[in-house]
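# Have a look; sequence and predicted model below, questions after that.
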Amino acid sequence: EESDRLTGLRRGADDYVVKPFSPAELVARVEAVLRRASPPDGTADPIRHGDLVIDPSQRIVTVAGREVALTQLEFDLLAFIAARPGQVFTRDHLMEEVWGHSFFTDTGTVTVHIRRLRAKLEPDPEHPVHIETVWGVGYRFRA
């Protein structure tokens, strides 16, 4: 049920498998987790936007010099959009690129993760300065 999936995601789950599921779906989800868990290549420069600093090689995010605790998936989502400032991403595109699959039909999980990122990063999550909603389309990291 959708309410169960949303509750799980709001409590920190990175993904949610609904029965029945196919073996191919399970494999794709495990591969996505493993891909996110693989060590960074260490070559990416920190991304700076105002008082926000994202260090992809160390997987550290700071706001005004204070380290912010993010889940692995929150970091991956933030790093993906921040590396492409100004580019608009649909929820489906983010599901494909960050979660690693597009067949997960509930793109509401993207909305939940963006909301959690804003709560952790933005001085006023209701008026974000870093992650902008492009109504009817998706999200973009402000350049």
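Right, received. Where do you want to start? Numbers count the residues shown, from 1 in each chain.

# Mind listing residues that contact stretch 10-24?
Contact partners of stretch 10-24, identified using CB atoms under 8 Å, 6 or more residues apart in numbering, comprise 4-5, 8-9, 25-26, 29, 32-33, 36, 71-73, 99, 104, 109, 112. Backbone N, C-alpha and C define where each C-beta goes, glycine included.

# Report the buried members of those.
The neighbour-count test (16 or more other CB atoms under 10 Å) applied to those identifies 5, 9, 29, 32, 36, 71, 73, 99, 104, 109, 112 as buried.

# So I81 versus R5, what's the distance?
Separation of I81 from R5 (CB to CB, to the nearest Å) stands at 23 Å.

# in stretch 124-137, what's buried?
Going by neighbour count (16+ other CB under 10 Å), the buried part of stretch 124-137 is 128, 130-131.

# can you redo these as a markdown table with pLDDT?
Output for the buried residues of stretch 124-137, formatted as a markdown table (pLDDT from 0 to 100):
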| residue | pLDDT |
| --- | --- |
| P128 | 95 |
| H130 | 95 |
| I131 | 96 |
